[in-house]
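Chemist: when you get a sec, could you give me coordinates for this:
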Amino acid sequence: MKPWRWLTLRIGRLAVLPALFLLLPLALSATAAPPPSDWSRWDSPTFAHLTVRAGLPHATTTAFAQDRDGLMWIGTFGGLVRYDGYRVQVFRQSGDGGLPDNYIRALRAAADGSLIVGTSAGGLARFDPRDNRFSTYDASPVHGTGPHILTLAPDGDGGFWVGGQNGLSHLRASLRTIERPPADAGLPRDAAVFAVLADRRGNLWIGSAQGLYLRRAGATRFARFDSDDHAAAPVLAEDIWALREDAAGRLWVGSGTRGVAVIDRQGRARVPSGLDGDAPAIQHRTVRDILAAPDGRLWIATDGVGITVYDPANGGLETLHHDNARPASLGGNIVRALFLDRSSGLWAATEIDASRCDTRPTIVHTLDGLALSGGHDAAFDENVRSVYADGGGAVWLGFNRGRLARVDPRSGQVRMLTLDGAQQDQDVRAIDALADGRIVAGARGLVTIDPVSLAVRSWPVADLDTRPILALRAWRDELLVGTYNGLYRIDHAGRVTHYLHVPGNAHSLVDNQVRNIAVLSDGSVWIATSGGIGILRPGAHGFENLAHTEGDPHSLPQNYAGSVVELDGRIWVGTYGGLASTPAAPPGSDGYRFEVLRGSDGLGSDNVASVLADRLGRLWIATANGLAVYEPATGRIRSLGERDGLSARFYNHRTAAVGPSGALLFGGLGGLTVIDPAPQARLAQAVAPLVVTTAQRDGAPSPYAALPTASRPLHLENVHALRLGFALLDYTASADVRYRYRLEGFDAQWTELDPGTPPAAAFTNLPGGSYRLQLQADIPGLHARTVRAVVPVEVRGRWYELGWARVALALLAVALVYLLVRLRTRYLLARADRLARLVQERTRELQEANDRLNRLASIDELTGLLNRRELMRQLELAHEAAQRTGAPLSILMLDLDAFKALNDTHGHQAGDDALRGVAARVAALCRKDDRLGRYGGEELMVVMQGADLATAAQRAEAIRQAIETMEVDHGAHRLRLTASIGAAQLKPGERTHELIARADARLYRAKREGRNRVAAT
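Modeler: Numbers count the residues shown, from 1 in each chain. Alright, predicted model coming up:
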């Protein structure tokens, strides 16, 4: 800034001081109660997804229920699912105790632990946990429910109202009897019933294909419910699919195409703004379900445009859609049912999965790309590179590519701006404010921004205009600027002082790469660099430098430093080697001595990106593994996770600031994470039960009603293998829970289970006795706690473990010892004779074994014929005999036609089957003195002693015909084969290989002449 400009500004300020004093009371009255910051306005539910990949029998889910033990039941198009947070157990249609239909339309849990199931085409069924089987009810349209069930609703007396295509029916509290209302009950005849609700005042509401009907408490007849409200009347007159009573006693009605109406306790109906059929939140889609959340908001499920969340208190609307770019968005836009479990988790049945989100309030809020872009651009580059909170309650965010945002958490306004000129496309890594209220931002050089108009002006500073800015901090009347090229100091007159590292000068800047600048309460400036920390004190002419010293555990743990904060008189420094802290006392003669908190101490990682202190004396630390909170007074460290509402995991180095009302702001790849450590922390959740959810005895599952509990011991008798599945039934971030178990009285130590795997305890061959199975679930996060459960186990001892059996076994052992001594004496006397006989027997057996080996060595393993080596030996013997006696000798060479094609078409197994079949057929046609063997591949040879060429040719023709007419079975195929045969007779003086060559030549001539023939000349 030019000196004359600075002077002008100073004079201008003095001139307006009298006016400011006159306007001060008015300004104070106007700003005495600014609206509170509300970061929750940007929260978007984060959904977890249960999909086909996890075990669902069908992607489309339809209904939910939670039984009295806490297990979730999920209906789908393809069957019914029982889910404990880890295991998916599927029930499908079958004729023996199974479902009557796989398409589930409605589910309700009964007080006795059973489950009432409404199906699309099989009527009503009841699951009995005493035998894990289904029974069905009368599905006739006249006396029963009809086959097409659409809805189930409790009647308030232990029974259920059943709505379907054939109207209304009633399942009495005994869960055995189906009743239908009389024909004159006032309901339209043959009208489908889509929704039923018995409200808290005893009224019964029916949503039908012909509108809304009401039977008031104490009445016997239904009457059509009409409204004189011009907007509500058409909603109530068409098909009604959803009915829900909220905490205030209002009835919310969802229709087929005209949106949602609400009926107050006085019977007045209206259509809330934004919920009519034309509204973008409805778009004339069927409202399939409505759910009142614990915070009073209404979740409205639509058949095609996702979920609309409506706040009756202020008329606020939020729409939740499936977004391919956001894995944590709603699973699908067709939502058939909503359900709130006992852990305040909201389930949505979509066409893609079962989606679940947590409805509890949280202290963690996230401004992602969708929030920062005003809900219009999910692909917005949400990488926050810098954060600054100004004195007016606004938060400034710097992004990549020269973009900034001004976020007002009081009004919910987000204003974006993009730098141009030299700042265009440059990363905005530093933001601060000047004394006159202007915002100064650093990208490549400096710019100033008017906080109201967002007008941007370049701030030319010599030697800085082309340099990337890494850090900014206003200090007294000056501005400190950190770069890759040292520290720049700009005073009120615009003069620039440049500090650099000078090798050999201990009081120069410790390193030229300045990453962060922090001003402490004593007026000193701590400059964090990639080579340590330089301290600039008021009036000093040089730096006091801190760096890591090898071998000194009390020096800075690592030179790459970032955040520097003060808390309770101690200075905390985030480094890539852990979180370092100085003692509360002033440094001694040997300078600052550091204590270090590392990843091994529970921090999660040594790489500390940033550190902030809250008003409660805690440190919030962003590391490479997420966010953690540290209480110096107790030494306790807790890591935040999905249970706390944390969705981002990766944070940029020293990108953090304390925002309005003490909110803690952390910037990273996933946008801005806001921690609001005020008392409105996430409400403590009722502790979900830790229970056994499955049991298998020697592989056989136990009925659910027989599962062991603390009051119902597990009794075992003659059980070899036992496996017990267990789970904490809160369904929130199940993969983060750590489980272990120990069978007290059997296990010396706890068995730790791998994270994310279905927790189970397995035992084999438990000895008789009384045990206690101890189960433990460790829940991480801000509200970390441990849930324990104990299950008694009684194992009845096997007969040989009983006292009398052990005494009898001991006596038997003594008798056996005596008997063994007597038997040994006889044994020794007979041993010599036995050894002599044994030698003779072994000699004979050895000879027989050798004979068997010789035979095996001469047999082809595949066909059982002579192998080539033995075949050639037999031919040589026949050759010698023929030369000696003059008797004729002929051979046949046989080759299967198109054998390779058969292998290629049907596989080598088919070829093997064919070759075995042909070998058996040829062997049956050979004479007693003939020798048949496998010459190689699919070639066979027949050695025919005493046969001339004519005889050989005749035998060859018989073999060819036999092969041509045979069929070989191969699976579902019947293979047909042919063979080509060459025959030759031994000539005087001819050797065996010459005989083979002549037969082989005739074989190939038969091949060339068309195959499936004999060539003998």
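Chemist: drop to CA atoms for contacts and neighbour counts, all remaining ones
Modeler: Noted.
Chemist: ramachandran coordinates for residue 170?
Modeler: phi -140, psi 130 (degrees, to the nearest 10).
Chemist: show me what it is bridged to.
Modeler: residue 161, residue 179 (DSSP bridges).
Chemist: you'd agree it is up against residue 176?
Modeler: No. Residue 170 is not in contact with residue 176 according to C-alpha atoms under 8 Å; the separation is 10.5 Å.
Chemist: more neighbours: the two, which one.
Modeler: Set residue 170 next to residue 176 and count neighbours by other C-alpha atoms under 10 Å: residue 170 wins out with 22 against 11.
Chemist: report the contact partners of the more buried one.
Modeler: Contacts for residue 170 (C-alpha atoms under 8 Å, 6 or more residues apart in numbering) come out as 159-162, 178-181.
Chemist: what strand or helix carries the nearest residue to residue 339 once chain neighbours are set aside?
Modeler: Nearest residue to residue 339 in three dimensions, chain neighbours excluded: residue 347, at 5.0 Å (C-alpha to C-alpha, 6 or more residues apart in numbering). Assigned by DSSP states H and E, residue 347 belongs to strand 345-350.
Chemist: avg pLDDT for stretch 657-671?
Modeler: The average of the pLDDT scores along stretch 657-671 is 91.
Chemist: buried residues, that stretch. List them.
Modeler: Neighbour counts over stretch 657-671 (16 or more other C-alpha atoms under 10 Å) mark 657-660, 663-671 as buried.
Chemist: what does it rub up against?
Modeler: Here stretch 657-671 has contacts from 37, 366-369, 382-389, 393-395, 612, 614-615, 622, 648-652, 655-656, 672-677, using C-alpha under 8 Å, 6+ apart.
Chemist: just the CA trace of it, in CSV.
Modeler: Extracted C-alpha coordinates of stretch 657-671, given in CSV (Å, rounded to 0.1, in the frame of the first residue of the first chain):
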residue,chain,number,x,y,z
ALA,A,657,-9.9,-21.7,12.0
VAL,A,658,-12.1,-20.9,15.0
GLY,A,659,-15.4,-19.6,13.6
PRO,A,660,-18.5,-17.8,14.9
SER,A,661,-19.7,-18.9,18.4
GLY,A,662,-16.6,-20.9,18.9
ALA,A,663,-17.3,-23.4,16.0
LEU,A,664,-14.2,-25.2,14.8
LEU,A,665,-13.6,-25.2,11.1
PHE,A,666,-11.5,-27.7,9.2
GLY,A,667,-11.0,-27.6,5.4
GLY,A,668,-10.2,-30.6,3.3
LEU,A,669,-10.8,-32.6,0.2
GLY,A,670,-14.5,-33.2,1.2
GLY,A,671,-15.4,-29.5,1.8
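Chemist: i'd like the first residue to be 40 from this point on
Modeler: With the count now opening at 40, the last piece we talked about shows up as stretch 696-710.
Chemist: in strands only, show me the buried residues of stretch 696-710.
Modeler: 696-697, 703-707, 710 (DSSP state E).
Chemist: nearest to residue 744 among those residues?
Modeler: Distance to residue 744 across those (C-alpha to C-alpha) is lowest for residue 710, with 47.9 Å.
Chemist: any idea how far residue 426 is from the closest one?
Modeler: 11 Å (C-alpha to C-alpha, to the nearest Å).
Chemist: so which strand or helix has the residue lying closest to residue 816 once chain neighbours are set aside?
Modeler: Using C-alpha to C-alpha, 6+ apart and skipping the chain neighbours, the partner closest in space to residue 816 is residue 778 (4.6 Å). Using DSSP H and E, the element containing residue 778 is strand 777-783.
Chemist: I'd assumed residue 953 was in a helix, is it?
Modeler: Yes. Under DSSP: H, G, I helix; E, B strand; the rest coil, residue 953 falls within a helix.
Chemist: from what I can see it touches residue 1012, true?
Modeler: No. Using C-alpha under 8 Å, residue 953 makes no contact with residue 1012, being 11.6 Å away.
Chemist: with neighbour numbers in mind, choose between the two.
Modeler: Neighbour tally, residue 953 and residue 1012, criterion other C-alpha under 10 Å: the higher count belongs to residue 953, 25 against 11.
Chemist: could you find the closest non-adjacent residue to the more buried one?
Modeler: The nearest residue in space to residue 953 (C-alpha to C-alpha, 6+ apart) is residue 1007, at 6.0 Å.
Chemist: given the host helix or strand of that neighbour, what are its sheet partners and their directions?
Modeler: Using DSSP H and E, residue 1007 sits within strand 1006-1009. Using DSSP bridges, strand 1006-1009 pairs in its sheet with strand 1012-1015 (antiparallel).
Chemist: name the strands paired with the strand holding residue 778 and say parallel or antiparallel.
Modeler: strand 790-791 (antiparallel), strand 808-818 (antiparallel).
Chemist: contacts for it, please.
Modeler: 787-794, 798, 800, 810-818.
Chemist: hmm, back to that, could the strands paired with strand 777-783 be laid out in TSV, adding mean neighbour count, distance to residue 264 and mean pLDDT?
Modeler: Converted to TSV, the strands paired with strand 777-783 look like this (neighbours: other C-alpha atoms under 10 Å; distance: least, C-alpha to C-alpha, whole Å; pLDDT from 0 to 100):
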stretch	mean neighbour count	distance to residue 264	mean pLDDT
strand 790-791	14	60	96
strand 808-818	19	49	95
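Chemist: go through those and name the closest to residue 514.
Modeler: strand 808-818 (44.6 Å).
Chemist: beta partners for residue 1014?
Modeler: residue 1007.
Chemist: how about the one 4 residues further on?
Modeler: Going by DSSP bridges, residue 1018 is paired in beta bridges with residue 935.
Chemist: measure it to residue 1055 for me?
Modeler: Applying C-alpha to C-alpha to residue 1018 and residue 1055 gives a distance of 14 Å.
Chemist: of these two, which one has the most company?
Modeler: Taking neighbours as other C-alpha under 10 Å, residue 1018 and residue 1055 compare with residue 1018 leading, 26 against 22.
Chemist: so the more buried one touches residue 1002, yeah?
Modeler: Yes. Using C-alpha under 8 Å, residue 1018 is in contact with residue 1002, at 6.9 Å.
Chemist: circling back to that earlier point, buried ones among the contacts of residue 209?
Modeler: Buried, going by 16+ other C-alpha under 10 Å: 198-201, 217, 219, out of those.
Chemist: run through the strands of the stretch 840-989 of the chain in chain order.
Modeler: Using DSSP state E, counting those that start in this stretch, the strands assigned to the stretch 840-989 of the chain run over residues 928-935, 970-975, 978-984.
Chemist: what's the most buried one of those?
Modeler: Of those, the one with the most neighbours on average (mean count of other C-alpha atoms under 10 Å) is strand 928-935, at a mean of 27.
Chemist: how far off strand 970-975 does it point, in degrees?
Modeler: Interaxial angle, strand 928-935 versus strand 970-975 (axes from the mean of the first three to the mean of the last three C-alpha atoms, to 10 degrees): 50 degrees.
Chemist: buried set for stretch 781-797?
Modeler: Quick answer for stretch 781-797 (16+ other C-alpha under 10 Å): 781-783, 797.
Chemist: now swap in stretch 116-132 and tell me
Modeler: 116-127, 129-132.
Chemist: which of those fall in strands?
Modeler: 118-122, 127, 129-130.
Chemist: please dump these into CSV; it should also carry pLDDT and distance to residue 249 for every row.
Modeler: Shown next, in CSV, are these (pLDDT from 0 to 100; distance: C-alpha to C-alpha, whole Å):
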residue, pLDDT, distance to residue 249
118, 97, 30
119, 98, 31
120, 98, 33
121, 98, 35
122, 98, 37
127, 97, 39
129, 97, 36
130, 97, 35
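Chemist: could I get the residues you listed as CSV with distance to residue 500?
Modeler: Shown next, in CSV, are these (distance: C-alpha to C-alpha, whole Å):
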residue, distance to residue 500
118, 71
119, 70
120, 68
121, 68
122, 65
127, 65
129, 70
130, 73
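Chemist: show me which pair in those residues is furthest apart.
Modeler: Spatial extent of these (C-alpha to C-alpha) is set by the pair 118 and 122 at 12.9 Å.
Chemist: mind listing the shared neighbours of those two?
Modeler: By C-alpha under 8 Å, 6+ apart, no residue touches both residue 118 and residue 122.
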